[in-house]
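In: kindly return the folded structure for what I paste below:
(one chain, ligands or ions: 1)
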Amino acid sequence: MKELRVGMIGYGFMGRTHSNAYKRLTDFFPVEHKPVLKAVCARNAEKAKAFADNWGYERIETDWRKVVEAPDIDLIDIGSPNDTHFDIALAAARNGKMVVCEKPLAMNVAQAEEMTKAVEAAGVPNMVWFNYRRVPAIALAKQLVDEGRVGQAFHYRATYLQDWTISADVPQGGAGLWRLDVDVAGSGVTGDLLAHSIDTAMWLNGAIVRVVAKTKTFVTERVHAVTGKVQPVGIDDACMFLAEFANGSMGTFESTRYARGRKNFNTFEMNGADGSLYFDLEEPEYLQYFEYKQLQSGKKLESHVTGWRKIHTTNSEHPYMNRYWVPGTCIGYEHTFLNALADFVMGIESGKPTQPDFRNALQTQKVCDAVIESANSGRWMDTGVTL
Ligand code: SOE
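Out: I've put the predicted structure just below:
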């Protein structure tokens with residue numbers, strides 16, 4: 001087996017999901033590369049050490065430059081806050097390393113464009129961890145769209161709701177809470193949650209070409225965990241936008257961290273001439289499908305038995321499921337990262353790059369930036385997306 005020597009930057013929630021994927025890859029997928037956890041980097045040595053001991057990294061670093069330049073590392077994994085992605089990705093590409101980066105790719109389109117150019121000029125494999133594409137039910141939705149079972153698309157509807165920032169006592173900044181600090185995160189729910197919805201939407205339904213948005217910041221001042229001072233809040237706590245897709249369909253997107261009771265409520269529905277699809281991450285192993293096309297193809301439309309079908313996506317013929325257990329048994333959130341890594345490694349081995357790569361994630365970044373610009377100007381914005 002060939003080694004895939006990993007340098008992990010960051011040790012938070014995503015550092016854990018990615019590390020788990022590296023450790024389990026060859027247990028489940030027949031790939032030629034075995035990840036070796038070489039180094040984890042964090043500014044705080046004590047935290048890096050605890051993370052390395054827990055997950056089995058060989059060494060720690062406190063300066064990411066050392067990891068990016070290390071000759072014994074093949075792949076740089078950027079799991080650190082959004083404001084660090086740009087510098088690390090550029091340096092990694094310069095050093096000829098493969099780069100896998102957490103979403104959103106960058107703080108803005110200008111950065112994302114430069115990062116895309118850098119990995120392409122260096123010719124290094126790259127990917128952005130839009131893990132929800134790797135939920136078997138969502139991958140099945142893609143398969144059904146590609147099989148023509150939805151037909152001409154009319155509507156796409158997405159929601160991504162959470163509730164963890166409602167209290168005005170939640171500080172901004174620092175470990176775990178950098179998502180509330182606009183200087184570190186770039187935006188609020190738009191980059192953090194809607195980026196997922198946009199990535200899924202454009203994967204299933206093609207380019208989003210125009211948007212008009214409204215954002216809201218409910219708590220306008222919060223203590224900053226690093227400075228200790230009460231500071232203005234610059235992120236969007238909630239965002240709603242309307243979208244026009246290149247295929248002529250209409251989209252609505254809603255996201256908030258103020259939906260009491262909703263922890264990670266990520267849904268979409270797509271309505272086409274020949275069928276509809278519905279997915280809800282709170283029931284992750286189900287894809288709901290209303291089939292119209294096949295009903296028409298029979299002698300007569302049997303309308304007394306039409307209805308939504310709730311497909312339990314745990315059969316071995318469902319995406320990714322032949323790698324796991326027996327039909328009827330489900331997999332979890334962590335497997336979406338494992339599936340993504342497997343796709344990435346298989347892409348390296350086959351020479352057919354897996355998606356979403358940086359260029360593809362740049363398109364999502366364009367929509368995010370257009371959404372924020374539209375919210376600021378109150379106008380419809382062209383996204384400039386090319387897919
Ligand atoms: C935010 O709470 C968050 O952790 C996002 O950053 C992730 O991308 C999302 O999948 C779950 O929620």
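
In: what parts of the protein come near the ligand?
Out: F13, Q162, D192, H196, N264 (C-beta under 6 Å from any ligand atom). For glycine as for every other residue, the C-beta is placed from the backbone atoms N, C-alpha and C.

In: so the third one makes contact with A185?
Out: Yes. With contact defined as C-beta atoms under 8 Å, D192 and A185 form a contacting pair (6.7 Å).

In: joint contacts of those two?
Out: R179 (C-beta atoms under 8 Å, 6 or more residues apart in numbering).

In: which stretches of the protein form helices?
Out: In the chain, the segments counted as helices under DSSP state H are 13-28, 45-55, 64-69, 85-94, 109-122, 136-146, 182-185, 189, 195-205, 293-297, 333-350, 358-377.

In: identify the bridge partners of M8.
Out: V40, D77 (DSSP bridges).

In: quick one: residues contacting the most centrally placed residue in the chain.
Out: Computing the C-alpha centroid of the chain and ranking residues by C-alpha atoms, centre = their mean puts F130 first, at 2.4 Å. By C-beta under 8 Å, 6+ apart, F130 lies in contact with K103, A195, H196, D199, T200, A340, P356, A361, T364.

In: between the residues you listed, which has the most around it?
Out: With neighbours taken as other C-beta atoms under 10 Å, the top of the contacts of F130 is T364, carrying 30 neighbours.

In: is it correct that it is in contact with A106?
Out: No. Assessed by C-beta under 8 Å, T364 is found out of contact with A106, at 10.3 Å.

In: overlap in contacts of those two?
Out: Counting by C-beta under 8 Å, 6+ apart, nothing touches both T364 and A106.

In: for the ligand, what's its nearest residue on the protein.
Out: D192 (4.8 Å; C-beta to the nearest ligand atom).

In: for D63, see how far away that residue is.
Out: Using C-beta to C-beta, to the nearest Å, D192 is found at 27 Å from D63.

In: compare these two (neighbour count), which wins?
Out: Neighbours per residue, other C-beta under 10 Å: of D192 and D63, the larger number sits with D192, 23 against 10.

In: name the nearest residue to that one, sequence neighbours excluded.
Out: Nearest in space to D192, with sequence neighbours left out and distances taken as C-beta to C-beta, 6 or more residues apart in numbering, is R179 at 5.6 Å.

In: wait, the one you found sits on T190?
Out: No. Using C-beta under 8 Å as the test, R179 is too far from T190 to be in contact (11.6 Å).

In: the two: which is more packed in?
Out: Regarding R179 and T190, a neighbour count based on other C-beta under 10 Å identifies T190 as having more, with 28 against 22.

In: which parts of stretch 374-387 are buried?
Out: S374, A375, M381, T383, V385 (16 or more other C-beta atoms under 10 Å).

In: mind putting these in TSV, pLDDT included?
Out: Converted to TSV, the buried residues of stretch 374-387 look like this (pLDDT from 0 to 100):
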residue	pLDDT
S374	98
A375	98
M381	98
T383	98
V385	98
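
In: from these, which is closest to E221?
Out: A375 (19.7 Å; C-beta to C-beta).

In: residue contacts, the closest one?
Out: Counting by C-beta under 8 Å, 6+ apart, A375 has contacts A213, K214, T215, D236, C239, F241.

In: if we can go back for a sec, quick one: which of the helices of the chain has the weakest pLDDT on average?
Out: With a mean of 65, helix 293-297 has the lowest mean pLDDT of those.

In: I'm done for today, thanks for sticking with me.
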